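> Predicted model, plus sequence, below.
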Amino acid sequence: MIIGLTGGIGSGKSAAANYFVELGISVLDADHEAKKALDKNTKGYYDFLSKFGDQCLDDNKEINRLKLRDLIFNNPSKKLDLEKIVHPIVRSSISTFISKASSPYIIIMVPLIFETKSQENYDRIITVDCDVELQISRATIRDTQNEEQISNIIDKQATREDRIRISDDVILNNKSLDDLKGQVLNLHLKYMELLNE
């Protein structure tokens, strides 16, 4: 069983994923794979340079993620160009991960399942959801962005309602980490039961 784990920025996806890992479940972070796809001296890096030039490179000739985010944030055509480079690499990483994973079920953490219309790639979808105010406060603590920047990111992502509509399971992450851990454990037990039917 392949499960997609999604949620908006600051919702607690990574914390939930870490609890699944503690339960022995194989988890792949698609965002991490997308970042690796543009690492220096990779195919994605050279494809990026041929499409975008060196405008986003830092002094070490590595891609500066903040410059890149600024470049694509309000430019849909450049965002699409970037996705054409990164998405095939990420899909390949996911396929390799799935073929090698040995846990009873597998979780792929994909923040943009709804936006990429990729829900058909998963047997089940979990959305980690929380109040917008919590999203903003968590993300500003974790990231180097202010509340306005985080709000802009939230506005560009799918709505909470959209994500929940495509989900089989929802983790409401408005309380403590212990509460989150308990919800993850309950889902784990549910999935193990489903696998044994």
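It's in. Being a predicted model, the structure only gives us computed values, none of them experimental.

> quick one: Gln145 from Val21, how far?
If you measure Gln145 against Val21 using C-beta to C-beta, to the nearest Å, the figure is 26 Å. C-beta: built from backbone N, CA, C; applies to glycine.

> same question, Lys67
Distance from Lys67 to Val21, counting by C-beta to C-beta: 32 Å.

> Could you list the domains of this structure?
The record assigns the chain these domain ranges, following automatic domain parsing: 1-25+106-197, 32-102.

> Tell me which of these sits most buried.
Here the criterion is mean neighbour count by mean count of other C-beta atoms under 10 Å, and of those the winner is domain 1-25+106-197, at a mean of 17.

> can you map out the helices along the protein?
Along the chain, counting by DSSP state H, helices occupy 13-22, 30-36, 43-52, 65-73, 76-100, 132-142, 147-156, 160-165, 177-195.

> which stretch among these comes nearest Gly4?
Across these, Gly4 has its closest neighbour in helix 30-36 (9.1 Å, C-beta to C-beta).

> For that closest one, the averaged confidence score.
If you average the pLDDT over helix 30-36, you get 94.

> contacts for it?
For helix 30-36, the surrounding residues in contact (C-beta atoms under 8 Å, 6 or more residues apart in numbering) are 42, 65, 86, 89-90, 93-94, 108-111.

> redo that, cut-off 6 Å
The list of residues contacting helix 30-36 from outside it, by C-beta atoms under 6 Å, 6 or more residues apart in numbering, reads 86, 90, 93, 110.

> what's the distance between stretch 18-31 and the middle of its chain?
Between the mean C-alpha location of stretch 18-31 and the chain-wide mean there is a distance of 12 Å, by C-alpha atoms, centre = their mean, to the nearest Å.

> Perfect, I'm done here.
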